[in-house]
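Asker: using only what follows, build the 3D model:
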Amino acid sequence: MRLFLQRSWVRPQVIRTGILLTCFYLICCLPLRIRLSNAPSEIKSLEGHASCRLQTEETVDKVRFSFLFDLPDRARIDVSDLLGRTIYQIYIMKEGAFLIIPSKKIFWQGEEKEIVDVLLGFPLSLQEMLAIFLGKWEKELSGWALEKDQQHRISAGKRENLSFRILKYLPESSVAQEIQFVHPLSKSHVKIIQVDFNLPLKAGVFSISFLGKYEKKTWNGIQKILNDED
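Answerer: Numbers count the residues shown, from 1 in each chain. Next up, the predicted model:
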């Protein structure tokens, strides 16, 4: 959700440039049309688009990205340039967590929280991201101090040096539309632009069989390759 940005100290110029070009086209050239579906009582999947404003000590970036969550344990996030070409992809599933650069046919595989930590600047599990967005917390997600509003919805939370606050909900639901995250390394504001629930999943949307033709890299290796394109 907000979420899929890199720390300022690891963001390669090629990714930042592609994202900013995408934002200029999508945010400045196209009207922002919010389309939100009503949240059902039982949510099995959700997909859509979101915007994120990420502020660090050095930069302020605005991005838009697509997301697909298949509950309880699969996620896919895609960031593309203004021509619709994929810059990078994130897959989180039982097989592992992957950061994929299709243009170079390379990928990095890491732990779930490790992938999110690199991209967001702080560690979050997929279950924690879904809990924050959907407002449904399981007992095993320990370590969080949560607040509720007058309608008994989760409105804010804090774990160590990371906190979040729900600024706006989807109508008549506990599902968040706008979320603010605060961390010592960054401050971000995530806004859901479009979301649909429980749509049929396209065949192969989570398939990673194509990685058999890709080269596996360490994170340092991927960063070096991307920096060489500057």
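Asker: quick one, helices of the chain?
Answerer: Secondary structure of the chain (DSSP state H): helices at 13-23, 112-120, 126-134, 219-227.
Asker: do I have it right that residue 167 meets residue 188?
Answerer: No. Counting by C-beta atoms under 8 Å, residue 167 sits too far from residue 188 to count as a contact (11.9 Å). For the C-beta atoms, the positions are set from N, CA and C on the backbone; glycine is no exception.
Asker: which residues does residue 168 contact?
Answerer: 176-178 (C-beta atoms under 8 Å, 6 or more residues apart in numbering).
Asker: list just the nearest of the residues you listed to residue 209.
Answerer: Of all those, residue 176 has the smallest distance to residue 209: 33.7 Å, by C-beta to C-beta.
Asker: how many neighbours does the nearest residue to residue 171 once chain neighbours are set aside have?
Answerer: Excluding its sequence neighbours, the residue lying closest to residue 171 (C-beta to C-beta, 6 or more residues apart in numbering) is residue 38, at 7.0 Å. Counted by other C-beta atoms under 10 Å, the residues lying close to residue 38 total 10.
Asker: quick one on the thing from earlier: mean pLDDT for the helices of the chain: which is lowest?
Answerer: Confidence, taken as mean pLDDT, is least for helix 13-23 of the helices of the chain (a mean of 44).
Asker: now do the spatially most distant residue from the centre of the chain, the pLDDT please.
Answerer: When each C-alpha in the chain is compared with the mean C-alpha position (C-alpha atoms, centre = their mean), residue 150 comes out farthest, at 28.5 Å. pLDDT for residue 150: 94.
Asker: and what of residue 188?
Answerer: Taking residue 188 on its own, its pLDDT is 88.
Asker: that one and residue 158, how far apart?
Answerer: 15 Å (C-beta to C-beta, to the nearest Å).
Asker: the more surrounded of those two?
Answerer: residue 188 (23 against 15).
Asker: mind listing the residues bridging to that one?
Answerer: Residue 188 forms beta bridges with residue 54, residue 181, as assigned by DSSP bridges.
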